[in-house]
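K.L.:
how would this look folded up:
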Amino acid sequence: MKKALVTAGHKRLGRAIALALVEAGYDVAIQFRSDPAAAAEVVAAAHARGQRAVALQAELTDSAALPALVAQAAAALDGLSLLVLAAASYDPTPVATLDAVQLDAAFANNARAPVALALAARPWLVASGDGRIVVLGDLAAQIPLAGYLAHSLAKAALHAAVRGLAAELAPAVTVNAVVPGAVLRPDDLPLAAWHRLLDALPQGQVAAADSAAGSHAIADAVLYLAQTSRFVTGTFLTVDGGRTARW
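P.N.:
Here you go, the predicted model:
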């Protein structure tokens with residue numbers, strides 16, 4: 001059984017992951033919040049490869065909507081064996097203006113929703129006989145990013161959840177994380193600044209020569225965790241072009 005629900009599977013890293021899963025023979029359900037046209041493109045690509053696919057609109061910060069999202073995905077695909085949690089928010093929160101509303105929003109997007117989806121998907125993942133959850137983590141969970149304290153705190157909570165869920169959902173469901181580094185240029189980052197960042201990476205030339213190299217590397221890492229031995233759980237696979245290898 002190869003049936004996956006991918007959050008934010010219509011854009012950026014989520015899209016790259018969804019398309020890689022399709023190439024690997026997975027049926028896919030694509031969650032999107034907005035931009036149904038982009039989601040439809042992924043569905044069409046899956047259909048062209050002979051795989052089942054469906055696009056499902058859902059607001060992940062709406063806790064009441066999450067069980068229905070998982071149920072709809074499982075119904076459309078006749079089950080679920082893999083949950084890929086790629087959706088995230090990335091909002092600046094300077095400490096001079098940081099407030100409880102911003103903290104709550106960051107946690108709702110980056111910690112509460114992923115955990116709630118994992119718990120909602122558990123029955124289907126167990127029933128598949130090979131349940132897997134792969135989370136997209138964040139280097140900011142390890143070293144807080146300046147100006148993004150709320151995001152960093154929420155991602156640290158998500159990393160804790162990966163470890164906790166791996167222990168508590170075992171042995172029926174494995175839970176692992178891929179931790180991206182500078183693999184895809186943020187929409188608001190000027191190209192020159194992006195290349196300066198790549199220049200600082202040991203393998204930055206790879207990404208500079210091929211703008212899709214980082215996305216493909218993340219998708220490959222997700223596929224590995226989705227298909228490797230079930231002995232691998234509670235682990236974090238960092239894909240950052242060597243960024244954390246350099247002092």
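
K.L.:
just the helices in the protein please.
P.N.:
12-23, 36-48, 66-77, 100-107, 113-128, 149-168, 191-199, 204-209, 213-227 (DSSP state H).

K.L.:
and for the residue lying closest to Pro67 once chain neighbours are set aside, the neighbour number?
P.N.:
Distances taken as CB to CB, 6 or more residues apart in numbering place Ala120 nearest to Pro67, at 4.7 Å, with adjacent residues excluded. C-betas here are computed from N, CA, C, even on glycine. For Ala120, the count of nearby residues is 18 (other CB atoms under 10 Å).

K.L.:
mind listing what the closest residue to Glu41 other than its chain neighbours touches?
P.N.:
If you skip the residues right next to it in sequence, Glu41 has His10 as its closest partner in space, 7.5 Å away by CB to CB, 6+ apart. Residues near His10 by CB atoms under 8 Å, 6 or more residues apart in numbering: Ala18, Ile30, Phe32, Asp35, Ala38, Ala39, Glu41, Val42, Ala55.

K.L.:
hmm, who's touching stretch 148-164?
P.N.:
Contacts for stretch 148-164 (CB under 8 Å, 6+ apart): 88-93, 95, 98, 102-103, 105-107, 109-111, 114-115, 118, 135, 137-138, 140-142, 144-145, 175-177, 234, 236.

K.L.:
so what does the longest strand seen in the chain touch, helix or strand wise?
P.N.:
Taking DSSP state E as the criterion, the chain has its longest strand at strand 173-180. Here strand 173-180 touches helix 113-128, strand 131-136, helix 149-168, helix 213-227, strand 236-239, going by 3 or more CB pairs under 8 Å, 6 or more residues apart in numbering; DSSP states H and E.

K.L.:
residue farthest from the centroid of this protein?
P.N.:
Most distant from the centre of the chain: Ala96, at 29.7 Å, with distances by CA atoms, centre = their mean.

K.L.:
show me the shaky parts of this structure.
P.N.:
247 (pLDDT under 70).

K.L.:
can you lay out the helices and strands packed on strand 173-180 as TSV showing distance to Leu191?
P.N.:
Shown next, in TSV, are the helices and strands packed on strand 173-180 (distance: least, CB to CB, whole Å):
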stretch	distance to Leu191
helix 113-128	31
strand 131-136	24
helix 149-168	23
helix 213-227	15
strand 236-239	22
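
K.L.:
give me whichever of the ones you listed is most buried.
P.N.:
Greatest average neighbour count among the helices and strands packed on strand 173-180 goes to strand 131-136 (a mean of 25), per mean count of other CB atoms under 10 Å.

K.L.:
what is the orientation angle of it with strand 173-180?
P.N.:
20 degrees (axes from the mean of the first three to the mean of the last three CA atoms, to 10 degrees).

K.L.:
next, the buried residues of stretch 228-235.
P.N.:
In terms of neighbour count (16 or more other CB atoms under 10 Å), stretch 228-235 has its buried residues at Thr233.

K.L.:
residues in contact with it?
P.N.:
Residues contacting stretch 228-235 (CB under 8 Å, 6+ apart): Asp130, Val162, Arg163, Ala166, Ala167, Ala170, Pro171, Thr174, Val175, Asn176, Ala177, Leu225.
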